[in-house]
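Q: Need the 3D shape of this:
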Amino acid sequence: EDSEAPPAFGKKGVLGLGLDNVADIIGMIPVSLREAALTHSSYAGEHPGTEDNQRLEFLGDAVIGLICASYLYRKFPDYPEGKLSVIKSVLISTAVLAQKARNLALDSQIRLGLGEEKNGGRNKDSILADTYEALVGAAYLSRPWAEVERLVMVDIASFLPTVTKDAKSQLQEVWQARTGRYPHYKVISSYGPDHEKTFIVEVSHAGRVLGRGCGGSKKEAEQKAAAEALKNLQLPNTT
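A: Now for the predicted structure:
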């Protein structure tokens, strides 16, 4: 029955602030919607007639963007649009959303096809992030707005210290101070299907490779490359 919550999710009230209470919100999403949100396209492909989570992911992506933008607009009233955009881009990045999915134990709930399961899909950031977005989309369709905000905002404060100044901005400041020039980012390879591409980026200067990173988008890969460069230069970074 749609009103019945699987035992994997919490049974307490939804008035608290912790992850247990967010699990309650997830548990009150109708079963049909929740199952769709947790269904990867590889599973649907092996089970004809099963709905995958791609449409819900599309919706959830927009909802998360709106909630994060609204939060940052109010929290940082003196920040210009450009700085707010940088922080938002990290908060909604694949790496952050995947971590939020892990915090909610979604990695153990995703329905994957046999091939994707064997390929370690349960641990892929891109799949975890997409699943989290789909779950937010399902919550938006079935729960009060305050609960949807809670689902997105529950642990956002833990990510803020890492994004007030991103690694790419830090590296740019440091390298410009040292050399008077900017480091250069280049995509050296990419792999995977179009809807799930992984990019590998190198950051360099004058032929010297400073760092390398990979991610589900070019921006994410650039951030990881910059973070590695800061580490290689033995400089602290907050990402």
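Q: Just the CA atoms of stretch 89-98, as PDB, please.
A: C-alpha atoms of stretch 89-98 as PDB (Å, rounded to 0.1, in the frame of the first residue of the first chain):
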ATOM      1  CA  SER A  89      27.600  25.300  -8.300                       C
ATOM      2  CA  VAL A  90      29.500  23.400  -5.600                       C
ATOM      3  CA  LEU A  91      26.500  22.800  -3.400                       C
ATOM      4  CA  ILE A  92      24.700  21.200  -6.300                       C
ATOM      5  CA  SER A  93      27.700  19.400  -7.700                       C
ATOM      6  CA  THR A  94      27.800  15.700  -8.300                       C
ATOM      7  CA  ALA A  95      30.300  15.200  -5.400                       C
ATOM      8  CA  VAL A  96      28.200  17.000  -2.800                       C
ATOM      9  CA  LEU A  97      24.900  15.400  -3.900                       C
ATOM     10  CA  ALA A  98      26.400  12.000  -3.900                       C
END
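Q: Mind listing what's buried along that stretch?
A: Neighbour counts using 16 or more other Cβ atoms under 10 Å place S89, V90, L91, I92, S93, T94, A95, V96, L97, A98 of stretch 89-98 among the buried residues. (Each C-beta comes from the backbone N, C-alpha and C, glycine too.)
Q: Distance-wise, check the fourth one relative to S32.
A: Yep, that's I92 we're talking about. 27 Å (Cβ to Cβ, to the nearest Å).
Q: on that earlier part again, what about the buried residues of stretch 89-98, which are in helices?
A: Using DSSP state H, the members of these that fall in helices are S89, V90, L91, T94, A95, V96, L97, A98.
Q: and the helix or strand of the chain with the lowest mean pLDDT, what does it pack onto?
A: In the chain, the helix or strand scored least confidently by mean pLDDT, DSSP states H and E is helix 81-91, which has a mean of 76. On a contact count with 3 or more Cβ pairs under 8 Å, 6 or more residues apart in numbering; DSSP states H and E, helix 81-91 meets helix 54-75.
Q: CA atoms only for the helix it packs on, dumped as CSV, please.
A: Extracted in CSV, the C-alpha atoms of helix 54-75 (Å, rounded to 0.1, in the frame of the first residue of the first chain):
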residue,chain,number,x,y,z
GLN,A,54,15.3,10.2,-15.1
ARG,A,55,12.1,12.4,-15.1
LEU,A,56,12.2,12.7,-11.4
GLU,A,57,15.9,13.6,-11.5
PHE,A,58,15.1,16.4,-14.0
LEU,A,59,12.5,17.8,-11.6
GLY,A,60,14.6,17.3,-8.5
ASP,A,61,17.6,19.1,-10.1
ALA,A,62,15.5,22.2,-10.5
VAL,A,63,14.0,22.0,-7.0
ILE,A,64,17.5,21.6,-5.4
GLY,A,65,18.8,24.6,-7.4
LEU,A,66,15.9,26.8,-6.3
ILE,A,67,16.2,25.9,-2.6
CYS,A,68,20.0,26.4,-2.6
ALA,A,69,19.8,29.7,-4.4
SER,A,70,17.1,31.0,-2.0
TYR,A,71,19.2,29.9,1.0
LEU,A,72,22.4,31.5,-0.3
TYR,A,73,20.6,34.7,-1.3
ARG,A,74,19.4,35.1,2.3
LYS,A,75,22.5,33.9,4.1
